[in-house]
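Asker: Have a look at this prediction, sequence included:
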Amino acid sequence: MSEKAMKGCEILLHTCGEVKKGERVLVITDNTSKEIGEAMYKCAAAFTDTTLVCMPDRSTHGEAPTDAIAAAMKESDVMFSATTFSLYNSSARIEACEAGSRFVNMADYSMEMLEEGCLFTDWGEIRKIVDDLKTRIVGKELSITTPAGTNFHTSIEGRHADTGYGVSREKGEASSPPDAECAVGPADNSAEGVLVIDGSIPLPGIGLIETPITLKVEKGYITSIEGGKEADVLRETLAGFNDPRVYNAAEVGFGLNPAGKLSGRMLEDEGVMGTMHIGIGNNLAYGGTCNTPVHIDLIMKCPTCIIDGVCVMKDGKLQ
């Protein structure tokens, strides 16, 4: 591991996880991300009691880890999940955090992300941005428009603001650095309209969008997917789950990391300041009951968002 990559791991350990001497650290990895997991393990093990566990790659974001790893997660003080697909929306992560463990998501990391980029940002300033926005996205009605053609609206009544500070310092807290965001869940069966995805979809075979994807949404679910080759991959991927719940409009998220740039990697892209994303599938983290083992983020550029008649973001700029 390079000296630069070690600095990235140290930011994750000391700034994002705020790990203390004597805490039990669990590093979770898989076959594809083993280099990242081993780098994080080396850094953490030099500081405190650390265990490294490896499992076969999951098939999508939100899929459950092995039973043995799920049990180990509940017994840890801090988890670093260096996996190809995110465990953030899995029941195992949610239950471990409910038991008091802290979770730092490192899904789909590259060594370059540990060496430079939006992980190296002012996390204290980001907390202020998130705290300011979280009070403004709770309400009754939300709408999004974009220059690319998005015209989407949904009820958010009864839903809470989900905060992503990029740090996990309190018991039960979960984060996904370098992602920094604030999100709210659409009320069940209420989302309607058109989404034009022109930023990124961090899935194998898609990544940065070349040909915008147009999604029609009716009564809370995606009913059609049109576009070029990326639309074909998304359509085939979702159909392959054989689960109608994967089409559920689960999350409306605001990217809030000023240092972020679209790259095709999930934890960088969903946190890019000036973008918004619609998460589809599992919505347990956003106040819903859709427990499909899939959560996928669809990222849009330059959004304008209005909540209860008040503009909170205009052309990608917070108001």
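Answerer: Cool, got the structure.
Asker: all contacts plus neighbour counts: C-alpha atoms, from now on.
Answerer: Fine.
Asker: right, and the helix or strand after the worst-scoring helix or strand of the chain on mean pLDDT?
Answerer: None of the helices or strands of the chain scores lower by mean pLDDT, DSSP states H and E than helix 266-269, at a mean of 88. Note on helix 266-269: by DSSP states H and E, the next helix or strand toward the C-terminus is strand 275-281.
Asker: And the least confident helix or strand of the chain, what does it pack against?
Answerer: In terms of contacts (3 or more CA pairs under 8 Å, 6 or more residues apart in numbering; DSSP states H and E), helix 266-269 is packed against no helix or strand at all.
Asker: hmm, try it at 10 Å
Answerer: strand 200-201, strand 207-208, strand 275-281, strand 295-301 (3 or more CA pairs under 10 Å, 6 or more residues apart in numbering; DSSP states H and E).
Asker: and those strands as TSV, adding distance to Glu115?
Answerer: Output for those, formatted as TSV (distance: least, CA to CA, whole Å):
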stretch	distance to Glu115
strand 200-201	23
strand 207-208	21
strand 275-281	24
strand 295-301	25
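Asker: Give the helix, strand or coil label for Tyr41.
Answerer: Using DSSP: H, G, I helix; E, B strand; the rest coil, the structure places Tyr41 in helix.
Asker: ok, back up a step: quick check: which of the helices and strands packed on helix 266-269 is nearest to Lys34?
Answerer: Nearest to Lys34 among the helices and strands packed on helix 266-269 is strand 207-208 (21.4 Å), distances taken as CA to CA.
Asker: helices and strands around the closest one, which ones?
Answerer: Applying 3+ CA pairs under 10 Å, 6+ apart, one finds that strand 207-208 contacts strand 200-201, helix 266-269.
Asker: ok, back up a step: quick one, which of the helices and strands packed on helix 266-269 is nearest to Arg159?
Answerer: With CA to CA, the closest approach to Arg159 among the helices and strands packed on helix 266-269 belongs to strand 275-281: 14.8 Å.
Asker: do you know which of the helices and strands packed on strand 207-208 lies nearest Lys20?
Answerer: Nearest of the helices and strands packed on strand 207-208 (CA to CA): helix 266-269, 24.7 Å.
Asker: quick one: the closest one to chain centroid distance?
Answerer: Helix 266-269 sits 7 Å away from the centroid of its parent chain (CA atoms, centre = their mean, to the nearest Å).
Asker: Can you give the contact residues for that helix?
Answerer: With contact meaning CA atoms under 10 Å, 6 or more residues apart in numbering, helix 266-269 is reached by 61, 85-86, 105-109, 113, 117-119, 166, 176-180, 199-203, 207-208, 255, 257, 259-263, 275-277, 296-300.
Asker: How about stretch 94-102?
Answerer: 17-19, 24-26, 70-80, 87-88, 91-93, 103, 167-175, 284-285.
Asker: Select from these every entry located in helices.
Answerer: Mapping the contacts of stretch 94-102 onto helices (DSSP state H) picks out 70-74, 91-93.
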